[in-house]
Each structure stands twice: as C-alpha cells, then as structure tokens.
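In: I'll drop the sequence and a predicted model, then ask my questions.
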Amino acid sequence: MTDPTRPPPPTIEPPHAVKEPEPSRPPPPTVAPPNVFTTRLPTMKMNASVAEDPKVSRRRFVRLGVGGALMLGIGGTFAYQTSGYEVSSETATRLHALSPKEFVIVSALAARILRRDADDLPLPEEVDAAFTIDGLVSQLDDANRRDLLRLLHALEHALPLSVGVPSRFTRASAEDQDAVLQAMSESSVGLLRGAFGALKSLCVMAYFSHPLSWGAIGYDGPWVNRPTGGWVAAARLTRSGGGTP
C-alpha cells in the first residue's frame, strides 16, 4: 500500500544525444591565374615537334642557377645592340612593349614557329602575329616581361652560337633557325625547354586570336556581334581591302 505522505520519486529524463561538431572543411584551393611561362597549348599541325616542360614556373625560370642567369644575362647585355633592326615609322608607333629590334626578332620567330604546310592557312603576317605578341607582352607583369625580353635577345645572339650557327637568329637561314629552335625544344636543360615553350605559347595564342585563322580549325567565332557571313568571311574581306561588311 502506498504511503500518501511520501513524496514521489524524482523523474529521471533519458540523456540527450550529444551532437558532435562537424569537422571544419578545408578552404577551396586557390587557382593561380594562367602564366605565359607555364601555359600549355595544343601542338599546331604547322609546328615542329615540341618538347615542353610544364614544371618550369616563372620563379624557377628566373632561378635556375648559373646557367639560367648566364643566358638571361647575355640577353640583357645584347639588348643595347640595336643597329640593323629598322622598321617603318608606322610599325614603330603601333608597338607597346617591344622595341623595333625585339619586334624584328619576334617576326622571325613567328615565321618559323607558325610556318604553314597548307596553302589555305594564313601566314603569320596576315594575322598580325607579331603585333599581337607585342600586345600580350605588354600585359605581363614587370618580372615576366623583363625575362621574356632578355630571352628574345639571347635567342637572337647567344643561342645560335650554341648550335654552331655563326649568325644572328634574324639573319640565319630558315634551316638554321629551325635548328636553333629544335635544339631548345629537345635540350636536356629544363630552362631551355621552358623558354621554348613560352615562345611557342605566345606565337600560338597570337595566331589563333585572329579570325583569319579560325577557319583552319572549323570555328567561325562567337555569335555576339557576329558580322554578316561570319567572322572568317569578314576577316578575309577586310584583309583583301573590301572593308567590313
């Protein structure tokens, strides 16, 4: 029999499940902006065989020890040799980052890197490749631009001698120019392979930025502000002197 004077036993609530804190998520990886010294592009059909080293970053490009310092230092030394590189006044006024000498070097480089193997492909000068490269170089940061310009002078004066070509790159024959570039692309020195990759990337980006080259890859440009007949036809008409339709 229950004693009415005794208080009821205390109510014991079941223990609540303790929610463990969620583990903190790591921050998303930071994606670095594309760098002209590490950008890899598809090999063009009109190009020579390419051996690029994607691991050559800009920091490594300028800090590869004595060999790298020597090559860029030689390029910097020859930068002051400007005789024999005359361009028209119209060309000089269009340049933003390149000197007339550097423009002549880039023009000779593009002529070999972008040499065509079919008549329906536009020539580098038809797509203003050298002027476009000038624009791309003007968008580089100071360190990248300085290194690239030194590389151009090394290509002009020092690298031909390294493969037995007793001439400036711009004055060498097409076969000798190809030999210089082939030696860079196949070099056992990562600096030279990376340097060749940088020069090739600039040339390819410049070539395919022009509508005249798009027809070669079956592309007729964006639909935004599309001219009548398409971008390729408009570019051909403009190049022939017919104006923009």
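Out: Structure's in. What do you need? Numbers count the residues shown, from 1 in each chain.
In: what pLDDT is listed against residue 73?
Out: Per-residue confidence for residue 73 comes out at a pLDDT of 53.
In: ignore what I typed, I meant residue 188.
Out: pLDDT, the model's per-residue confidence, is 90 for residue 188.
In: with residue 104 instead?
Out: Model confidence at residue 104, given as pLDDT, is 97.
In: contacts only, for residue 124.
Out: Counting by Cβ atoms under 8 Å, 6 or more residues apart in numbering, residue 124 makes contact with 107, 110, 111, 114, 130, 203, 207. The C-beta positions use only the backbone N, C-alpha and C, and glycine is treated the same way.
In: if I look at the fourth one, how far off is residue 190?
Out: As judged by Cβ to Cβ, to the nearest Å, residue 114 and residue 190 stand 24 Å apart.
In: the more surrounded of these two?
Out: It is residue 114, of residue 114 and residue 190, that has more neighbours when counted by other Cβ atoms under 10 Å, with 24 against 16.
In: measure the nearest residue to the more buried one once chain neighbours are set aside to residue 212 for me?
Out: Leaving out its chain neighbours, the residue that sits closest to residue 114 by Cβ to Cβ, 6 or more residues apart in numbering is residue 124, at 4.5 Å. Between residue 124 and residue 212 the distance, using Cβ to Cβ, works out to 11 Å.
In: just the helices in this structure please.
Out: For the chain, applying DSSP state H gives helices covering 58-61, 65-78, 89-94, 100-113, 129-138, 142-157, 159-162, 174-185, 190-207, 211-214, 231-239.
In: ok and the fifth one relative to helix 142-157, angle-wise?
Out: So the one you mean is helix 129-138. Between helix 129-138 and helix 142-157, the angle formed by their directions is 140 degrees, by axes from the mean of the first three to the mean of the last three Cα atoms, to 10 degrees.
In: can I get the contacts of residue 124 in CSV with distance to residue 86 and pLDDT?
Out: Below are the contacts of residue 124 laid out as CSV (distance: Cβ to Cβ, whole Å; pLDDT from 0 to 100):
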residue, distance to residue 86, pLDDT
107, 13, 97
110, 19, 97
111, 18, 97
114, 23, 94
130, 15, 97
203, 23, 96
207, 25, 94
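In: list just the nearest of those residues to residue 90.
Out: Nearest to residue 90 among these is residue 130, at 13.5 Å by Cβ to Cβ.
In: enumerate every residue touching the closest one.
Out: If you count contacts by Cβ under 8 Å, 6+ apart, residue 130 has them with 103, 106, 107, 110, 124, 206.
In: who's in contact with the fourth one?
Out: Same thing as residue 110. Under the criterion of Cβ under 8 Å, 6+ apart, the contact partners of residue 110 comprise 124, 129, 130, 133, 203, 206, 207.
In: can you tell me the closest non-neighbouring residue to residue 127?
Out: Leaving aside its sequence neighbours, residue 127 sits nearest to residue 210 (Cβ to Cβ, 6+ apart; 3.6 Å).
In: over to residue 167?
Out: residue 160 (6.0 Å).
In: that neighbour contacts residue 168, correct?
Out: Yes: counting by Cβ atoms under 8 Å, a contact exists between residue 160 and residue 168, whose distance comes to 6.8 Å.
In: who's more crowded, the two?
Out: Neighbours per residue, other Cβ under 10 Å: of residue 160 and residue 168, the larger number sits with residue 160, 23 against 19.
In: for that one, what are its contacts?
Out: Neighbours of residue 160 in contact, by Cβ under 8 Å, 6+ apart: 166, 167, 168, 169, 172, 176, 180.
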